[in-house]
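Undergrad: have a look at this prediction, sequence included:
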Amino acid sequence: SSSSSSSSPPSDMVGSHPWVGNEDRDKMEAVRKEFLHAWKAYEDYAWGKDVVKPVSRTGHDEQYRMGITLLDSLDTLWIMGYKQEFKRATEWVRHSCVLSNQEVSVFETTIRALAGLLAAYHLSKEPVLLEKATELALKMEPAFNTPTGFPKSTVRLSDGHAWCPSWSSNSASFSEVTSLYMEWDYLARLTKNKRLTERMDKIIDTMITMPKIEGLYAQWVSVDTGRFTSGDITLGSRVDSAYEYLEKIWRWSRGSREDVLKEYLARIDDVETHLIRKSKPSGLTYIQQCQFGKRSCHGQFDHLVCFAPAMLALGARDAKNNPKSKRHMELAEELTKTCYEAYDRMPSGLAPEIIKFGRGIDFYVESADTHNLLRPETVESLFVMWRVTHDQKYRDWGWKIFQAFKKYTRVEPKGYSSINNVKVNDPSLVSWRDHTESFFFAETMKYLYLLFADDSVMHIDEYVFNTEAHAFPINPRADE
């Protein structure tokens, strides 16, 4: 908490790694203060609802109807030392989090709610969090009863009935069916339920053996056959975390899943061959997107793709004897710069949802893509790049991004909101979307805080962060 001196960390935050003393206490405290400014809006306007609308000062429920922002924020509250707020939120879980007939995305509910509960349980050892996580998982589990093991997209919690979108001929987003492993395997570890691990292993087996498209993944996959059915070939939306989780599952297995590492390295080779390009005139590295079944590719670069530097850097650091590690680290550095430029070149200092490469001007932004949803991927990569390289520029870039968020997305008297147009150069011209995504609390602010924290706080050797920034302890004895 803010009162502890800089010479020693909060005792309940540090694993076996020694205190290095490379925190930036003032910047940590600034981030922590702004998190509370955002959190107060949720507490006061939207308590128990899925999301807060801070401009109209109300809350509303999305598909989850389970206080998804609250569940997603539990571990951030704990890590930042907001123990009273954490306690209040835990009591809400105990008394008011009701799982009934909600129809929810298996993926989103896994990465936000299930993972949020489990990560907070690990930190606090509050039994109710594990109990609620277990109840939620068992209600979702029937969705995995498919020939491939890939879950159907949506499940009804009251009876386990699950389905894919009606137009999709039983297809689901590839990232959604492949980015679940640590969450369910960690629950399996805590509750000694081997069946859940077997379900996750089946997904990985399908992923490794299924046919790729020139070694790459597309956006939609049949849960019956494990064949791609439609969508773009991309590292952006609907594919992104499929690559990310290969690297993470390998680290989660403490290096025992050589087959997963091999798959990861092969896929990154194919990404480099087919998708890595350089912009004109500045030579910014980017990852292009290609149409399914056609040869045409284009320069669309989703903000979501900015998870890739973190993935590449962690993979390069941990697969030390891989001859490609040096190249992967270079790619991570180049892509981080591209992701930062998407912020730095906008008048507000905030990145748009999508940039497009081409036209000889590096990249441009179409009017439909100028919004900023308070996304975390770039600050996630800055956090990882800092922890791996200790190059000061990553902290400097993160601080500039934090200041831009504060200047253009902070709502008075409390809250933070997504905005419609990052091309404004005056905060008084901001057009509010009046919405705070739960990932702003779970990821964006947590990664900014950890960027300025000491290396021993949530040490990257001891934890694997899921795709919603919920950290699971790698050591299987961590919870004994």
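TA: Received the coordinates, thanks.

Undergrad: who's in contact with M445?
TA: The contact partners of M445, taken as CB atoms under 8 Å, 6 or more residues apart in numbering, are V31, E34, F35, A38, T76. C-beta here means a position set from N, CA and C on the backbone, and glycine is covered the same way.

Undergrad: err, T370, not the other one
TA: P352, E353, N420, N421, V422, K423.

Undergrad: what's near enough to touch the fifth one?
TA: Same thing as V422. M346, P347, S348, L350, A351, P352, V365, T370, H371, N372, Y408.

Undergrad: what's the ChimeraX line that selects buried ones from the contacts of T370?
TA: Of the contacts of T370, the buried ones go into a single ChimeraX selection, burial set by 16 or more other CB atoms under 10 Å:
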select :352,353,421,422
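
Undergrad: check the contacts of T370 and tell me the two furthest apart.
TA: Farthest pair in the contacts of T370 (CB to CB) is E353 and K423. Separation: 12.4 Å.

Undergrad: neighbours of P323, how many?
TA: 8 (other CB atoms under 10 Å).

Undergrad: now it: how far from D50?
TA: 47 Å (CB to CB, to the nearest Å).

Undergrad: same thing with M311?
TA: 29 Å.

Undergrad: just A342 next, same as before
TA: Taking CB to CB, one finds A342 at 28 Å from D50.

Undergrad: state the mean pLDDT of the helix or strand hosting A89.
TA: Using DSSP states H and E, A89 falls within helix 83-96. Averaging pLDDT along helix 83-96 yields 98.

Undergrad: quick one: which two of the contacts of V422 are the most distant?
TA: Of all pairs in those, the most separated under CB to CB is V365 and Y408 at 15.5 Å.

Undergrad: and M311 and D50? which has more neighbours close in?
TA: More crowded of M311 and D50, by other CB under 10 Å: M311, with 26 against 21.

Undergrad: show me where this structure dips below the pLDDT cut-off.
TA: Judged by pLDDT under 70, the chain has its weakly predicted residues at 1-15.

Undergrad: any of the contacts of V422 buried? List them.
TA: Applying 16+ other CB under 10 Å to these flags M346, S348, L350, A351, P352, V365, T370, H371, N372, Y408 as buried.

Undergrad: could you pull out the strands for the stretch 151-300 of the chain?
TA: 154-156, 162-163, 171-173, 218-222, 228-233, 276-278, 285-287, 289-290, 297-302 (DSSP state E, counting those that start in this stretch).

Undergrad: if you compare the ones you listed, which one is most tucked away?
TA: Greatest average neighbour count among the strands of the stretch 151-300 of the chain goes to strand 171-173 (a mean of 26), per mean count of other CB atoms under 10 Å.

Undergrad: that one: how far from the chain's middle?
TA: Its chain's C-alpha centre and that of strand 171-173 lie 19 Å apart, by CA atoms, centre = their mean, to the nearest Å.

Undergrad: in CSV: the buried ones among the contacts of V422, plus distance to S100 and secondary structure.
TA: As requested, the buried ones among the contacts of V422 are exported to CSV (distance: CB to CB, whole Å; DSSP: H, G, I helix; E, B strand; the rest coil):
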residue, distance to S100, secondary structure
M346, 43, coil
S348, 42, coil
L350, 38, coil
A351, 38, coil
P352, 38, coil
V365, 42, coil
T370, 39, coil
H371, 33, coil
N372, 35, strand
Y408, 39, helix
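
Undergrad: with distance to E108 added, can I get those in JSON lines?
TA: What follows is the buried ones among the contacts of V422, written out as JSON lines (distance: CB to CB, whole Å):
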{"residue": "M346", "distance to E108": "28"}
{"residue": "S348", "distance to E108": "28"}
{"residue": "L350", "distance to E108": "24"}
{"residue": "A351", "distance to E108": "22"}
{"residue": "P352", "distance to E108": "23"}
{"residue": "V365", "distance to E108": "27"}
{"residue": "T370", "distance to E108": "25"}
{"residue": "H371", "distance to E108": "20"}
{"residue": "N372", "distance to E108": "20"}
{"residue": "Y408", "distance to E108": "27"}
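
Undergrad: for S279, give me its contacts.
TA: Neighbours of S279 in contact, by CB under 8 Å, 6+ apart: T285, Y286, G299, T338, F357, D362, F363.

Undergrad: could you redo the last one with a cut-off of 7 Å?
TA: Counting by CB atoms under 7 Å, 6 or more residues apart in numbering, S279 touches Y286, F357, D362, F363.

Undergrad: for the stretch 151-300 of the chain, what spans make up the helices?
TA: Using DSSP state H, counting those that start in this stretch, the helices assigned to the stretch 151-300 of the chain run over residues 174-178, 181-191, 194-209, 240-252, 258-274.

Undergrad: what's the closest of those to A89?
TA: Here helix 181-191 is closest among these (CB to CB), at 19.6 Å.
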